[in-house]
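Participant: Build me a structure from this.
(one chain, ligands or ions: 2)
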Amino acid sequence: MPAAKVHTPESHIAGSRLHAFYVLTKPRVNTLIVFCAIIGMFLAVPDGLPPPALVLAATVGIACVAGAAAAMNCLIEAHIDARMSRTRGRPLPRGEITPRETLAFATALGGTGLVLLHQLVNPLTMWLTLATFVGYAVVYTIFLKPRTPQNIVIGGASGAMPPVLGWAAVTGEVSADALLLFLIIFAWTPPHFWSLALYRSADYARAGLPMLPVTHGPEFTRLSVLLYTCILFGVTLLPFATRMSGLLYLIAAAALGGAFLGHAWRLYRDYSDARARRAFRFSILYLFLLFAALLADHYLRF
Ligand code: HEM
Ligand SMILES: CC(C)=CCC/C(C)=C/CC/C(C)=C/COP(=O)(O)OP(=O)(O)O
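Facilitator: Numbering: from 1, shown residues only. Ligands and ions are numbered 1, 2, ... in the order given. Below is the predicted model of the structure:
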């Protein structure tokens with residue numbers, strides 16, 4: 001019979017602290033980030049599969065640096081997170097972890113990821129991942145987010161990097177196809193984020209952050225969501241237009257894009273917080289399915 005687990009107060013505290021460090025890495029956001037990077041690795045190989053050991057090393061390395069970037073963001077923004085209802089339950093505002101511990105954790109995690117990428121993948125991927133880290137944890141978090149409503153448009157460039165990182169990991173270079181994948185996530189980020197910002201605008205106003213619904217109002221934000229979703233629709237046709245992907249992908253991109261446009265249109269015409277929440281949730285499912293379609297098309301091309 002397996003030994004029963006013994007729950008002492010010490011083991012409970014250790015377990016909840018471990019969980020707090022896990023939360024610092026924003027695991028749900030980073031799951032999709034890493035998923036997109038993995039798809040990039042598979043798409044980079046014209047026929048067959050990338051070497052499994054390389055995929056494993058690149059995935060772990062990118063995940064570590066992405067987790068470190070999230071932890072640094074939590075450290076830098078702890079005072080802002082404390083003012084927003086969505087984020088005040090995070091480990092730093094709750095005092096579960098100290099800033100010093102967060103810095104040590106992010107340094108160890110990020111350092112491990114970079115060394116892994118340098119030693120087991122290639123230096124280009126290491127440098128690009130480091131640039132992505134700086135783009136999010138420094139350029140977006142420190143300079144853009146508190147200053148301009150275009151913060152997520154410009155900062156979205158870091159969020160769009162994962163498939164490029166995956167591509168570079170397998171090929172040692174960045175091709176035009178990889179840049180198309182970048183462009184898709186880049187165009188997707190504004191409707192993704194502004195849908196959430198619409199129903200969280202009171203939070204952002206309280207925290208003093210210049211998000212688009214706060215600075216330009218909800219009507220302009222809804223129009224911006226709609227326009228960027230149109231741009232996204234056009235951009236997602238490019239992999240088919242350039243023959244990077246086939247008909248299966250085109251059908252998926254058109255269906256998913258049509259559904260996303262439906263959300264954006266309803267949000268524009270007749271706003272409710274519930275609609276904005278649904279559009280935000282759909283944006284996540286959309287990106288997941290679109291990248292899954294790119295992969296399926298790559299192997300089942302007809
Ligand atoms: C600058 C770019 C981005 C901004 C400002 C942004 C902003 C946000 C915010 C504020 C949330 C809510 C998080 C929470 O409540 O904890 C969120 C959730 C999420 N984001 Fe983004 N995002 C960006 C880019 C991305 C990218 C590139 C991906 C993936 C490729 C992504 C995937 C997700 C996922 C999966 C969630 C849901 C997390 C959950 O359910 O807890 N985001 N995003
Ligand atoms: C190295 C590597 C691959 C890094 C990728 C990390 C990256 C670019 C993440 C962007 C997605 C993200 C966590 C946005 C949160 O925005 P926010 O910080 O404004 O959200 P918040 O208000 O919830 O803190």
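Participant: Tell me the gap between stretch 172-191 and the middle of its chain.
Facilitator: Offset of stretch 172-191 from its chain centre (CA atoms, centre = their mean, to the nearest Å): 13 Å.
Participant: Buried residues in stretch 263-275, which are they?
Facilitator: Neighbour-count burial for stretch 263-275 flags 263, 264, 266, 267, 268, 271, 275 (criterion: 16 or more other CB atoms under 10 Å). No exception for glycine: its C-beta is placed from N, CA and C like everyone else's.
Participant: Find the helix or strand that residue 288 is a member of.
Facilitator: helix 273-299 (DSSP states H and E).
Participant: can I see the domain layout of the protein?
Facilitator: Under the assignment automatic domain parsing, the domains of the chain span 12-174, 175-302.
Participant: could you pull out the helices for the stretch 101-250 of the chain?
Facilitator: Ranges of helices in the stretch 101-250 of the chain, per DSSP state H, counting those that start in this stretch, are 123-134, 151-159, 162-171, 176-199, 201-207, 212-215, 217-241, 247-269.
Participant: mind putting the ones you listed in JSON lines, distance to residue 55 included?
Facilitator: Formatted as JSON lines, those follow (distance: least, CB to CB, whole Å):
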{"stretch": "helix 123-134", "distance to residue 55": "12"}
{"stretch": "helix 151-159", "distance to residue 55": "21"}
{"stretch": "helix 162-171", "distance to residue 55": "8"}
{"stretch": "helix 176-199", "distance to residue 55": "16"}
{"stretch": "helix 201-207", "distance to residue 55": "38"}
{"stretch": "helix 212-215", "distance to residue 55": "37"}
{"stretch": "helix 217-241", "distance to residue 55": "21"}
{"stretch": "helix 247-269", "distance to residue 55": "21"}
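Participant: In TSV: the ones you listed, plus mean pLDDT and distance to residue 279.
Facilitator: Formatted as TSV, the helices of the stretch 101-250 of the chain follow (pLDDT from 0 to 100; distance: least, CB to CB, whole Å):
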stretch	mean pLDDT	distance to residue 279
helix 123-134	98	26
helix 151-159	97	15
helix 162-171	98	22
helix 176-199	98	4
helix 201-207	97	14
helix 212-215	98	13
helix 217-241	98	7
helix 247-269	98	4
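Participant: Can I get these in a markdown table including distance to ligand 2?
Facilitator: Output for these, formatted as a markdown table (distance: least, CB to the nearest ligand atom, whole Å):
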| stretch | distance to ligand 2 |
| --- | --- |
| helix 123-134 | 4 |
| helix 151-159 | 4 |
| helix 162-171 | 5 |
| helix 176-199 | 7 |
| helix 201-207 | 9 |
| helix 212-215 | 13 |
| helix 217-241 | 16 |
| helix 247-269 | 19 |
